[in-house]
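Asks: Sequence and predicted structure below; questions after.
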2 protein chains.
Amino acid sequence: MKLMTEKGSSRNIKLLIAYDGTDFSGWQTQNTWKTQNAREAPRRTVQGCIEEALQKLHKHPVSLAGSGRTDAGVHAAGQVANFYTDIQSIAPDRFTPALNSLLPRDVRVLAAEETHSGFHARFDAKARTYRYHIIAGRHAFPHELRYALQLWNCPSVERLNSYARLLRGEMDCSAFATPKDPRESRFRYIFNACFFVQGDALVFEITANAFLWKMVRSITGTLLSCEEKGVSVSEFQSLVGGKDRSKAGPTAPPQGLFLWNIAYGGAYRSP
Amino acid sequence: MKLMTEKGSSRNIKLLIAYDGTDFSGWQTQNTWKTQNAREAPRRTVQGCIEEALQKLHKHPVSLAGSGRTDAGVHAAGQVANFYTDIQSIAPDRFTPALNSLLPRDVRVLAAEETHSGFHARFDAKARTYRYHIIAGRHAFPHELRYALQLWNCPSVERLNSYARLLRGEMDCSAFATPKDPRESRFRYIFNACFFVQGDALVFEITANAFLWKMVRSITGTLLSCEEKGVSVSEFQSLVGGKDRSKAGPTAPPQGLFLWNIAYGGAYRSP
């Protein structure tokens, strides 16, 4: 694959992307954490779909750098990615309709702009925000079930937030880590974590400098499970401090999760 | 198929049903308006899915009467249907979890109750309400695109409502009829028709005693097209009075449309 760099006359284009993750095996084209069976059909990925559209526009392969991967079934309302282009005839904002006309309906480019040549969607991201949607205490409509977790009980938002408040700041996130995650440091800086009610749904929003693999879904599942069991705030504190994933709760299913926003500005400073 | 009637010890169960119409060829199992090609694979219908679940519960075929058909790709948040059951061991409200455990995720029973033996979901319905969802003037997210029409312009809600107001009352709806519709009378009583903004979406809601085939989508497409062309209110009045479908606007696509509510009470009286 021909990776365009900032050299020469190429322009660096930043995309804002949304997708319905239901029918995707996640964001990333190659799953480097698993040995891919050569006989398996290639998996449908968001990155793969957009790179295919970019290749059609450019007549040669173009690689796309995302702010981070999302798992199979996880949606995005504000994924960010960038690519270098040698096409001079398309104004930056015209990449939006050009790409959308080549993309399937479950991926949409929301905006495109030219950015400075050194910008990298992943390395420059200062904060990532995820939202997890929950329909509690009533039957979810099928058009909600695709994008939310169905809970039959009605959890106390106050109690959920009494746990969530303890998650702020720099912390060792081992209690919410996946054993297979190869990254060395389990420390992450959580800027904010809170539950709120929006319309008919309960929403958990969490912002951090970065997340471990499946960390948001582990946190969501643990918070809901602790609330249901009536775990005290100090017991929850011990659970987090114990750094033992097996003591935490289940991993919430992917369909409720949205990658909501990637922040590149100076508002977020992690130490 | 064994159609249970009110005779004997059978109970009449009324269901409130929601579905994501995307992957269905509509509500009705057999399309009596077209000659079905015998070699075609049977189409996936909502009625068919629920009747299959009922058959699993009953160990014999059970027929389900819906309040009316919805077209391929049209969704429902409040479809109503009824069936007769000879099962005495299930309390009426327990049909909800029993059926949901047998149904695919894109159909959900929201409620079940026993009703009087003569109740018929179609013949007893006094009013049907549909809602059409539109995302206007911005990029729709993929999770909205599945359930809404994407409009690039921002129509005037005031102007749309100046047309919609003319649709109230008893009227000959030939201007919005499909030539293939075999029903003799084109007169329908429209209780209400209006546009409103809900969250990020523009919504058209219409309630009538009954609708002709594709009538809601014809009306929606015509109203949006008239607004875009700047048609005057009196021109719109003439268009409706002219009873000529070819003079009206396009049929709006199915994905924005939801069967929203079926009313059986006495609040709606058509002459």
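Replies: On my side now, so go ahead.
Asks: In terms of pLDDT, where does A:L110 sit?
Replies: Note for A:L110: predicted pLDDT of 96.
Asks: Name the helix or strand for it, please.
Replies: strand A:107-115 (DSSP states H and E).
Asks: So which elements touch the lengthiest helix in chain A?
Replies: Ranked by residue count under DSSP state H, the longest helix found in chain A is helix A:215-229. When contacts are defined as 3 or more Cβ pairs under 8 Å, 6 or more residues apart in numbering or on different chains; DSSP states H and E, helix A:215-229 sits against strand A:127-136, helix A:157-164, strand A:187-198, strand A:201-208, helix A:233-241, strand A:257-263. No exception for glycine: its C-beta is placed from N, CA and C like everyone else's.
Asks: Any chance of these in TSV with distance to chain B and mean neighbour count as columns?
Replies: Listed next are the helices and strands packed on helix A:215-229 as TSV, based on distance: least, Cβ to the nearest Cβ, whole Å; neighbours: other Cβ atoms under 10 Å in any protein chain shown:
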stretch	distance to chain B	mean neighbour count
strand A:127-136	10	22
helix A:157-164	20	18
strand A:187-198	10	17
strand A:201-208	12	22
helix A:233-241	31	15
strand A:257-263	8	23
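Asks: in terms of contact, does A:L239 touch A:S174 like I think?
Replies: No - if you go by Cβ atoms under 8 Å, A:L239 and A:S174 don't touch, sitting 11.3 Å apart.
Asks: buried sites along the longest helix of chain A?
Replies: Using 16 or more other Cβ atoms under 10 Å in any protein chain shown as the test for burial, helix A:215-229 gives A:215-224, A:226-227.
Asks: interface residues of the stretch 51-200 of chain A facing chain B?
Replies: Within the stretch 51-200 of chain A, the positions near chain B by Cβ under 8 Å from any Cβ of the partner chain are A:75, A:77, A:96, A:105-111, A:139-143, A:145-147, A:199.
Asks: Throw together a PyMOL command that grabs the buried residues out of those residues.
Replies: Of those, the buried ones can be selected in PyMOL as follows, counting by 16+ other Cβ under 10 Å:
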select buried, chain A and resi 75+77+96+106+107+108+109+110+139+140+141+142+143+145+146+147
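Asks: on that earlier part again, CA atoms only for the strand holding A:L110, dumped as CSV, please.
Replies: These are the backbone C-alpha positions of strand A:107-115, laid out as CSV (Å, rounded to 0.1, in the frame of the first residue of the first chain):
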residue,chain,number,x,y,z
VAL,A,107,-20.9,4.7,7.1
ARG,A,108,-21.2,8.5,6.5
VAL,A,109,-18.5,11.2,6.3
LEU,A,110,-20.0,14.1,8.2
ALA,A,111,-17.3,16.7,7.4
ALA,A,112,-13.9,16.9,5.7
GLU,A,113,-11.3,19.6,6.1
GLU,A,114,-7.6,20.2,5.2
THR,A,115,-5.3,20.2,8.2
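Asks: list the contacts for A:R138?
Replies: Residues in contact with A:R138 (Cβ atoms under 8 Å, 6 or more residues apart in numbering or on different chains) are A:D200.
Asks: pLDDT value on it, please?
Replies: We have a pLDDT of 93 for A:R138.
Asks: now swap in A:D200 and tell me
Replies: As predicted, A:D200 sits at a pLDDT of 88.
Asks: show me what contacts it?
Replies: A:135, A:138, A:144.
Asks: next one: phi and psi at it?
Replies: phi -90, psi 0 (degrees, to the nearest 10).
Asks: wouldn't A:S10 be in contact with A:F83 here?
Replies: No - using Cβ under 8 Å, A:S10 and A:F83 do not qualify as a contacting pair, with a distance of 9.4 Å.
Asks: Looking at those two, which has the bigger crowd around it?
Replies: More crowded of A:S10 and A:F83, by other Cβ atoms under 10 Å in any protein chain shown: A:F83, with 23 against 17.
Asks: and that one, that's in a strand?
Replies: Yes - the assignment for A:F83 is a strand, going by DSSP: H, G, I helix; E, B strand; the rest coil.
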